[in-house]
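Engineer: Generate coordinates for the sequence data below:
(4 chains, ligands or ions: 4)
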Amino acid sequence: MPLKTVYRGEVQYLQILDETGALDSTLASGTLTDVDVQLLYQQMIICREFDETAFKLQRSGRMGTFPQNKGQEAATIGAARALTKGVDYIVAYYREAPALFHHGLPMQNVLLPWMGDERGNALPQQLSMSPQCVAIGTQTLHATGIAWAFKLRKDPRVVLCFLGDGATSTGDFHEAMNFASLLKAPIVFYCINNQWAISTASRKQTAAETFAQKALAYGMSTIQIDGNDLFASFKATRDAIERARNGGGPSFIESLTYRLGDHTTADDARRYRPAEELEKAIQRDPLIRTRKYLQDKGLWSDEQQAKAEERAKSIVHDVVGVATGIEKPSSDDLFDYTYAQLPPSLEIQKQTRRTDSLGQDPTQVHLQPRPVEQQERDAVAHG
Amino acid sequence: MPLKTVYRGEVQYLQILDETGALDSTLASGTLTDVDVQLLYQQMIICREFDETAFKLQRSGRMGTFPQNKGQEAATIGAARALTKGVDYIVAYYREAPALFHHGLPMQNVLLPWMGDERGNALPQQLSMSPQCVAIGTQTLHATGIAWAFKLRKDPRVVLCFLGDGATSTGDFHEAMNFASLLKAPIVFYCINNQWAISTASRKQTAAETFAQKALAYGMSTIQIDGNDLFASFKATRDAIERARNGGGPSFIESLTYRLGDHTTADDARRYRPAEELEKAIQRDPLIRTRKYLQDKGLWSDEQQAKAEERAKSIVHDVVGVATGIEKPSSDDLFDYTYAQLPPSLEIQKQTRRTDSLGQDPTQVHLQPRPVEQQERDAVAHG
Amino acid sequence: MPKLDLVGAINMTLAQEMARDERVMLLGEDIGLNGGVFRVTDGLQKRFGPERVFDTPLSESGIIGTSIGLAMAGMRPVPEIQFEGFMGPAYDQLVNQAARCRTRTRGAFTCPLTVRVPVGGGIHAPELHSDSPEAIYAHTPGLKVVMPSRPRIAKGMLLSAIRDPDPVIYFEPKRVYRSFREEVPEEDYTVPIGQAEVINEGTDVTVITWGAMLFDCLQAIDHMPDNVSVELIDLRTISPIDVTTIADSVRKTGRAVVVHEAPLTAGLGAEVSSLIQEHCFLYLEAPVQRVTGFDTVMPFYKLEKQYLPDPERISRSIEACLAY
Amino acid sequence: MPKLDLVGAINMTLAQEMARDERVMLLGEDIGLNGGVFRVTDGLQKRFGPERVFDTPLSESGIIGTSIGLAMAGMRPVPEIQFEGFMGPAYDQLVNQAARCRTRTRGAFTCPLTVRVPVGGGIHAPELHSDSPEAIYAHTPGLKVVMPSRPRIAKGMLLSAIRDPDPVIYFEPKRVYRSFREEVPEEDYTVPIGQAEVINEGTDVTVITWGAMLFDCLQAIDHMPDNVSVELIDLRTISPIDVTTIADSVRKTGRAVVVHEAPLTAGLGAEVSSLIQEHCFLYLEAPVQRVTGFDTVMPFYKLEKQYLPDPERISRSIEACLAY
Ligand SMILES: Cc1ncc(C[n+]2csc(CCOP(=O)(O)OP(=O)(O)O)c2C)c(N)n1
Ligand SMILES: Cc1ncc(C[n+]2csc(CCOP(=O)(O)OP(=O)(O)O)c2C)c(N)n1
Ligand SMILES: [Mg+2]
Ligand SMILES: [Mg+2]
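Structural biologist: Ligands and ions are numbered 1, 2, ... in the order given. Have a look, this model is predicted:
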């Protein structure tokens, strides 16, 4: 058979809650309960308020740069909901605050790094989430390594790794997908296709018809979903997590959504983004859709909405208070975390706050430990 | 339609001349003439002789390391034959000597770099081929850039870029495939899947069923072929080249073949490769298959074989003479190609052959050009 | 003559060179319609079209790797890396490929490309947007590295870089991008690579610096007592270093202070200090001082002022050097 | 006590530490059945299984990037990069990720990994198999960098590296791999990171070197006239540099020569020279000399002898320094 087909692959698209707020109840069965949706919708409201407030903080000079999640709430929270808290692990990049909040991250921890403060990244290990990642794509490898460690230890935990459409163009993404697939690592790559990477439209990021098909290159399970659909995001993620937990290996999810805001507060999307495109996207705002669903089902009233918004304001207000009220870091912090133990020369820099030799106390140069021979002999003797 | 298929991809496998030497004449039509095959087979014999001789050169201490093409001749030469000489461009890595010879590269140019001599890489531009590339995967980006330049200049040339199965795991490969596809660059990625990357079997390189399906990630045309089949290699490459030349964009070819030798002369494949696997592969040696085809068609005799082998020996013998007879490079060469014009400090290093300040002639430090202000004024005035 | 800031000067220069030489093309992330995140390429895509001002995917190795191919094939690519912190993924292509193209082929292939990169701290940017990796590339034979700090010089050096037959990294100190304007000639002129500039003449001590630190040094000097005469040198080219200008100055002053943002250890200050010592040993009246970033990771911005040398640290060091 | 060469010492140490600490695992290209291209991991996959001695795909960024994740999650990965010339693709993960993990998270996350890398020239290897990039990583706060040059020390430093709570690059001078054997204790012992070693005591001049150059320096010293007393220091740790040992020596001798394979400009010799100048200014009787590779790309091997400092170049420089 001289010309034969040796491989066939395909990508399915999943939508459960459509643009009009109508639910496919077959697909929805066993996914989110009414109470779930009410709860998640409230979280979406809080996150939206958080984004708007962060924007104002930046505009009033109290924050450097901030990337809003605005418009991506259903994708992010839906995925997060599919994890087992404190068991599964989230590796996010920088736009998934709602997922982190959902898993218990104090909200100020997201603000602080953008206010120029590393302390926001000092996450308690039991939260099972990694610090924000600025270098696009690099986190996909860390996530794969974490999942690998789980597998090696036979620990039934799964990693949810977020990445953007832009990140799929990095070499690291490719290497991570390849490692994960070879290792059958328990990981889900959740690609937020929000149509833009700063000013670069996703059709300029790849010539592939879908981002989801990129997973075929690694023989990896893949799906494309409506990312503004809370149900689809939850279901696709949950299925992938379960598959991973059961030894079925990694999965890829392309979640189609839209970045309603600028890339960050340092960006002005009007320079490159057609107004009509934004208009259309606003119509598809996941908050509108989720609310409509709840209201149509009689699960949500205008009153509840007003209360939820008020509550969101108050929560976010408090968070901003904490974040802006925090004492400036000690400038010792500049030094103290470079290594577990500072080498003598750095200790001198810390003590003197100088790098020029004349500013330093030469006696301090003798902070060094005992001569080598001595130490070696000790080590051999006591080792 | 809540669950629908949004993408379908597939990979075809092409074989024209099968393991028994039988030809699919429908697929073969319009490909290689009898004379072509006779000619290419003779080249294969020469290349095999070249490989065996290079091996001995290394073993006798006259060469550092050498990677044989042995077993991959049909793949390499078949692909090369599909290019228009002096028009299309070859970007090889380090194992495709037969393709370069086919396009006119003097054979010593391949030996010299492995004998530690950069001069082997000093290829005349009109040969339309790039120097050998040691850093795996990096050449795929250079090749894409060259193809991009052709496209920008509306120059109807196409680039044939070779890479190994191992190279597909590098980030650079991914970035190159993505760029090429986005740019609709006139390039063909020809992946020699010789089953091994040093000691790493190709099934440990990727969990994908085929390497060919990797191209689907970029929406790129792709095919898997029997790489020991001269006809398939020629036809797949020619079709891809024509498509590229006509603006149809890039293609990927996975060419299934086998590395019959060690990875290089520094390697000992017996450490990791089952003897039976090698045995089987030897049965599929492309030289055997091509000869059988020619003999069955009455196009080749034992006499011709003997003559061809003799001729190969004599050609390779002469080449070795040239390569080993070449004068040692001047140690000025160490310096002279660092920049088009050596900066003063490097000029001093070259003159003194020292880097310590006391070994240098301090007067030479004043090799520097005129003072800046002066030069700037001149430049503005005459610019 | 138009008065331009650093952004304006580079923008004008790119436009002029693209008009003059059709082999010149730009590529990078968000450089097209968006004009680059610092607007350095503003309007150029509109003027020269999306083929010559190409928005790449998010792929730094891809940007440099394809630029190498473009350059080998006769183009004059001017890739942009959005921030110095994202040169990392392109390090291999820059150091092991671009820098070695000529020598590996004994001149048969060359790699004339100019990599534009915003560099340095002080603008309250996020992590990896404030580093100073110039020493890394100075330790890479085959590359040239420049860092002009003023609009007029920036134009001339950019033209030199683009026309240079070898790869050049053109660092743009981002803190200076909008900090001041000066007259920039519209004519074509080049400023040679490899020449430092004496900014202030002086007799007591030589201060050598580059990039945005130039302005902190100027401030430090302004606040020195009147009887102290400081010679200030803007290195301008990181590699190859203009040791003549430096050594001539230090032979005169007998004292030297090097100032840079990057960490101390194995920073370019070490090279400058060693060169001074080698060339001016018998003239030196005090050890060469290095006033630099600390040997820590560049901190997030709440502490960046504590990290970066400031006029006070610089002047204290000058004083100590003088008092030695 | 077994007599082992460098390869044997490292192999034994890896095996012992894997037996002692089950968090330790190896990953890299061809390290399994093949035992690594230099056979440093020979037999370890057989003994510890393919999960703990993992053959990776051809993917250096992947090797280091997943190692970071493994380390963050509590493992003690010991990745191998096959040759220093292939660290390039992993540069970003090493410098911008591994090195910054602790500081970026204020210690909440750490990255205890040990990257093993054969380094240096002189073995007639192809391009990119003979470089010396140690200065690059010395300029990276957050990383430690070591380069032991003898089997016994190599064992102790490898144990220190693997047990270190921060990322360590462990360079193995490949020219020394098989060059000699010495007794290597089987017991568990560590040699601290950050300490240089005085190999020969002397009074006239201090020679500082590391890696394979140690042996060229020993040869050079052997050929010096009997009345010349050279103090030879093996730096052993590239970062942090043990300035105390160096400065103590140079205060005694008044003269210093630094020897390394890497190119001169912005090499680690510049840092050592600067430190000596800063710490021993009033003791110095001659400028510190740097005997190094030239500011060229490491040539293909026909010229590598011309590139690398050899005993003759070294002794000529020692003599010149003494005669100053
Ligand atoms: C390696 C790297 N290159 C460039 C940048 C600059 N940059 C920051 S965000 C961004 C776009 C990211 O797009 P995407 O992955 O789609 O995520 P999104 O911001 O849309 O959520 C770019 C180019 C970076 N942070 N890292
Ligand atoms: C970036 C890089 N990493 C590692 C190596 C070492 N190395 C040389 S060849 C090789 C295997 C290449 O395999 P493949 O791409 O399949 O080509 P083949 O040798 O089989 O033709 C490796 C790992 C290298 N040359 N470059
Ligand atoms: Mg995006
Ligand atoms: Mg292979």
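Engineer: ok so C:Ile276 is a helix residue?
Structural biologist: Yes - with DSSP: H, G, I helix; E, B strand; the rest coil as the criterion, C:Ile276 is located in a helix.
Engineer: ok now do it, which residues does it touch?
Structural biologist: C:Ile246, C:Ala247, C:Val250, C:Ala256, C:Leu284, C:Val288 (Cβ atoms under 8 Å, 6 or more residues apart in numbering or on different chains). The way it works is simple: take the backbone N, C-alpha and C, and place the C-beta from them, glycine included.
Engineer: Tally up the residues packed near the residue in chain A that chain D sits nearest to, please.
Structural biologist: Among the residues of chain A, A:Gly145 lies closest to chain D, at 2.0 Å counting by Cβ to the nearest Cβ. Neighbourhood size, A:Gly145 [other Cβ atoms under 10 Å in any protein chain shown]: 34.
Engineer: ok, which stretches of the stretch 101-250 of chain C are helices?
Structural biologist: Assigned by DSSP state H, counting those that start in this stretch, the helices in the stretch 101-250 of chain C fall at C:101-104, C:134-138, C:151-163, C:213-222, C:243-253.
Engineer: Can you say which of the ones you listed is packed in most?
Structural biologist: Greatest average neighbour count among the helices of the stretch 101-250 of chain C goes to helix C:134-138 (a mean of 28), per mean count of other Cβ atoms under 10 Å in any protein chain shown.
Engineer: who does whichever helix in chain C runs longest touch, helix- and strand-wise?
Structural biologist: Counting by DSSP state H, the longest helix found in chain C is helix C:6-20. The contact analysis (3 or more Cβ pairs under 8 Å, 6 or more residues apart in numbering or on different chains; DSSP states H and E) places helix C:6-20 against strand C:24-28, helix C:44-48, helix C:151-163, strand C:168-173.
Engineer: Could you check which residue of the stretch 201-350 of chain A lies nearest ligand 4?
Structural biologist: A:Ala217 (17.6 Å; Cβ to the ion).
Engineer: Next, give phi and psi for that residue.
Structural biologist: phi -60, psi -20 (degrees, to the nearest 10).
Engineer: just checking, it touches B:Gly219?
Structural biologist: No - the pair A:Ala217 / B:Gly219 is not scored as a contact, 11.5 Å apart, by Cβ atoms under 8 Å.
Engineer: more crowded one of these two?
Structural biologist: When A:Ala217 and B:Gly219 are compared for neighbours, A:Ala217 comes out ahead with 27 against 21, by other Cβ under 10 Å.
Engineer: What is the neighbour count of C:Pro173?
Structural biologist: Count around C:Pro173 with other Cβ under 10 Å applied: 26.
Engineer: Show me the beta-bridge partners of it.
Structural biologist: Beta bridges link C:Pro173 to C:Val119, judged by DSSP bridges.
Engineer: I'd guessed it sits against C:Ala212; true?
Structural biologist: Yes - between C:Pro173 and C:Ala212 there is a contact under Cβ under 8 Å: 4.1 Å.
Engineer: so what sits against both of the two?
Structural biologist: C:Gly120, C:Ser149.
Engineer: Name the residues of stretch C:174-192 that are buried.
Structural biologist: Buried residues in stretch C:174-192, counted by 16 or more other Cβ atoms under 10 Å in any protein chain shown: C:Lys174, C:Arg175, C:Val176, C:Tyr177, C:Val184, C:Asp188, C:Tyr189, C:Thr190, C:Val191, C:Pro192.
Engineer: Please tell me I have it right and the second one contacts C:Pro118.
Structural biologist: No - applying Cβ under 8 Å, one finds C:Arg175 not in contact with C:Pro118, separated by 9.5 Å.
Engineer: hang on, C:Gly36 packs against C:Asp30?
Structural biologist: Yes - applying Cβ under 8 Å, one finds C:Gly36 in contact with C:Asp30, separated by 6.2 Å.
Engineer: and for those two, which residues touch both?
Structural biologist: Common neighbours of C:Gly36 and C:Asp30 (criterion: Cβ under 8 Å, 6+ apart): C:Gln82.
Engineer: of all the helices of the stretch 101-250 of chain C, which lies closest to ligand 4?
Structural biologist: Between the helices of the stretch 101-250 of chain C, helix C:101-104 lies closest to ligand 4; by Cβ to the ion that is 22.6 Å.
Engineer: pLDDT wise, what is the closest residue to ligand 2 within the stretch 251-383 of chain A at?
Structural biologist: Per Cβ to the nearest ligand atom, A:Phe252 is where the stretch 251-383 of chain A lies closest to ligand 2, at 24.8 Å. Reported pLDDT at A:Phe252 in the predicted model: 99.
Engineer: before we move on, what about the one 10 residues further on?
Structural biologist: As summarised for this prediction, A:Asp262 has a pLDDT of 96.
Engineer: Where does it sit: helix, strand or coil?
Structural biologist: Classified using three-state DSSP, A:Asp262 is coil.
Engineer: Phi and psi next, for the residue lying closest to it once chain neighbours are set aside.
Structural biologist: The shortest distance from A:Asp262 to any non-neighbouring residue, by Cβ to Cβ, 6 or more residues apart in numbering or on different chains, is to A:Ala269 (4.6 Å). Note on A:Ala269: its backbone torsions stand at phi -70, psi -20 [degrees, to the nearest 10].
Engineer: Which secondary structure elements does the longest helix belonging to chain A sit against?
Structural biologist: In chain A, with assignment by DSSP H, the single longest helix is helix A:34-59. If contacts are counted by 3+ Cβ pairs under 8 Å, 6+ apart, helix A:34-59 sits against helix A:73-81, helix A:97-102, helix A:108-114, helix A:230-245, helix A:286-296, helix A:302-325.
Engineer: how about that helix: buried residues?
Structural biologist: Under 16+ other Cβ under 10 Å, the buried positions of helix A:34-59 are A:37-38, A:40-55, A:57-58.
Engineer: which ones are touching C:Gly88?
Structural biologist: A:Ala135, C:Glu60, D:Tyr91, D:Asp92, D:Gln93, D:Val95, D:Asn96.
Engineer: Counting only helices, which of the residues you listed make the cut?
Structural biologist: Short answer: the contacts of C:Gly88 in helices (DSSP H) are C:Glu60, D:Tyr91, D:Asp92.
Engineer: and A:Tyr7, what helix or strand is that in?
Structural biologist: Using DSSP states H and E, A:Tyr7 falls within strand A:3-14.
Engineer: In the stretch 1-150 of chain A, which residue sits closest to chain C?
Structural biologist: Closest point on the stretch 1-150 of chain A to chain C, by Cβ to the nearest Cβ, is A:Gly116, at 3.2 Å.
Engineer: Spatially nearest residue to that residue, not counting backbone neighbours?
Structural biologist: C:Tyr301 (3.2 Å).
Engineer: Could I get the contacting residues of that neighbour?
Structural biologist: Under the criterion of Cβ under 8 Å, 6+ apart, the neighbours of C:Tyr301 are A:Gly64, A:Gly116, C:His124, C:Ala125, C:Pro126, C:Ser130.
Engineer: Perfect, I'm done here.
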